[in-house]
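Engineer: Return a 3D structure for these sequence lines:
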Amino acid sequence: MRWALVKVCLAVTAMVVIAFAVPLGLVIREMASDRAFSDAERQAAMIAPTLSITTDREELTRAVLSTEPGDRGRLAVHVPAEGGPLDIGTRRATPKDVETVRKAGRASITEVAGGFALLQPTALGTGDIAVVEVFVPEGEVSNGVATAWLMLAGVGVALIVGSVAVADRLGVRMVQPAQRLAGAAQDLGEGRLGTRVPEEGPTELRSAAVAFNSMADQVVQLLANERELAADLSHRLRTPLTVLRLNAASLGEGPAAEQTRAAVQQLEHEVDTIIRTAREQRPQTQGGQPGAGCDASEVIRERMGFWSALAEDEGREVRLAGVDRTVRIPVARPELAAALDALLGNVFRHTPEGTAFSVDVHHSGDAVIVLVSDAGPGIPDPKAALARGASGPDGASGSVGSTGLGLDIVRRVAESTGGDLRIGRSVLGGTEVRIWIGLHGSRPERGRRGHGRRVGRRLGRQRGGESRTATGSQH
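Structural biologist: The predicted structure follows:
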């Protein structure tokens, strides 16, 4: 492409140079010729006054020699006489040409040896016509033409060289971004997802680079979303696995019971491995998309009905409040159910049997606040627990087998609506997880966050006054 552009510029520039240089050279040649013959006419006119006064040979000879062209042998006068034409000076034109000019009465230029002869008719005092001949050497007719042609050739060569240089630089400026774009596309096709293209060069190539980078970002995001989806779906398996583990623990002793517990443990290990492998990149949240939404009260009642059966088996006291009316939130039903299962599953996994927990829902006008509290040992470092993957043997939860993905699922659900997730100390003495779900897609401001904490404390005081101790009871 680069050399093709250079060849095109070379051809175009050469055509332009030829189109302008050749006519200009011809014009210069004509101008030099006109200048030479104009000087010859002026020299011929110098002898006209003498011819109008006298036709004496001696007088005319002195007059011819007194002029510059006559002194150099370039001027002649042909005067008609009875015995034949009287020729004074150096004659070069043929008698026939002289006679033709005398009869026609018009000036003429004829080619002679070494140049050209200007024949100018001049009226005599007697009424006859004399012819003044001025010799113009060929060198004067083309004087300066060769120099002009050389200058035009030099300018033409300079223009061609300059256009080739400019075309080469322009070709490099166009080709290099195109080559980088092609190389980046090949690298991306080979799996190097971090490949990006500098957004430089001509406007079209910059647009192509912007589109390529956007496409590469989308590819990376799509792959991350797929990995994250695999991790989220795997994490949802923890809910039935928790049930299996609890049921397996009640099987007593025996080979079948041990095999069942071993299988459940192996299955949990495999699910944890899938989650840890797939959670390398954060996906793009989808909860706040138009059309996604559910009744938070209905979903919470349904999930609490499921977990209440397990809580009864372990002797856990369950409290539920704030779900007696419809509360629409911009979160898809499966996403909210997964977030609740993640939090309640953590309660069952990381607190001793018999530990009480509660779920409270509060509608504050522009947001819905969901509080999940327990009476367990609490989380030593809530900030570290919110860091994705921080939990585990050395993490915030301090529990072997935790992937740290549960809280991240909950946080993504909250942040997809413009809300957030906070961890603190509950009024029950353990951990309190507060989910702020925005109803209008705007993030809570500082004042609103403080309002959320006051709401949590108020709900805690209400729970202290209106607790219902029946296991699995719902308000």
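
Engineer: Please tell me I have it right and Val347 contacts Phe357.
Structural biologist: Yes - Val347 lies in contact with Phe357 (CB atoms under 8 Å); the separation is 4.9 Å. In short, each C-beta sits where N, CA and C put it, glycine included.

Engineer: Figure out the helix or strand that Asp324 lives in.
Structural biologist: For Asp324, there is no helix or strand it lies in under DSSP states H and E.

Engineer: Can you report how many residues neighbour it?
Structural biologist: Applying other CB atoms under 10 Å, we find 12 residues neighbouring Asp324.

Engineer: pretty sure Val433 belongs to a strand, no?
Structural biologist: Yes - using DSSP: H, G, I helix; E, B strand; the rest coil, the assignment for Val433 is a strand.

Engineer: give the contact list for it.
Structural biologist: 343, 371-373, 407, 410, 421-423 (CB atoms under 8 Å, 6 or more residues apart in numbering).

Engineer: Skip ahead from whichever strand or helix holds Glu268 and say which helix or strand is next.
Structural biologist: Per DSSP H and E: Glu268 is located in helix 255-278. Where DSSP H and E defines the elements, the next helix or strand beyond helix 255-278 is strand 294-295.

Engineer: Centre of the chain to that following strand, how far?
Structural biologist: When C-alpha coordinates are averaged (CA atoms, centre = their mean, to the nearest Å), strand 294-295 and its chain have centres 42 Å apart.

Engineer: now what about that strand, what contacts it?
Structural biologist: Contacts to strand 294-295, defined as CB under 8 Å, 6+ apart, come from residues 326-329, 331-333, 336.

Engineer: How about Leu251: what's its closest non-neighbour residue?
Structural biologist: Nearest residue to Leu251, sequence neighbours excluded (CB to CB, 6 or more residues apart in numbering): Ala257, at 3.8 Å.

Engineer: Oh, that last question was meant for Arg206, not what I typed.
Structural biologist: Per CB to CB, 6+ apart, closest to Arg206 is Glu199, 5.3 Å.

Engineer: so what's that neighbour up against?
Structural biologist: Contact partners of Glu199, counting by CB under 8 Å, 6+ apart, are 206, 209-210, 213.

Engineer: Dead centre of the chain: give me the residue that sits there.
Structural biologist: For the chain, the residue nearest the mean C-alpha position is Val210 (3.0 Å; CA atoms, centre = their mean).

Engineer: Could you tell me the phi and psi values at Pro330?
Structural biologist: Pro330 adopts backbone torsions of phi -80, psi 50, taken as degrees, to the nearest 10.

Engineer: And Phe116, by the same measure?
Structural biologist: Here is the backbone geometry of Phe116 (degrees, to the nearest 10): phi -140, psi 150.

Engineer: ok, now Ala63?
Structural biologist: Dihedral angles of Ala63 (phi, psi; degrees, to the nearest 10) stand at phi -60, psi -40.

Engineer: From Gly70, how far off is it?
Structural biologist: Look at Ala63 and Gly70: by CB to CB, to the nearest Å, they are 8 Å apart.

Engineer: ranges for the helices of the stretch 1-150 of the chain?
Structural biologist: For the stretch 1-150 of the chain, the helices defined by DSSP state H, counting those that start in this stretch occupy 2-46, 48-53, 57-65, 68-71, 95-104, 138-141, 145-189.
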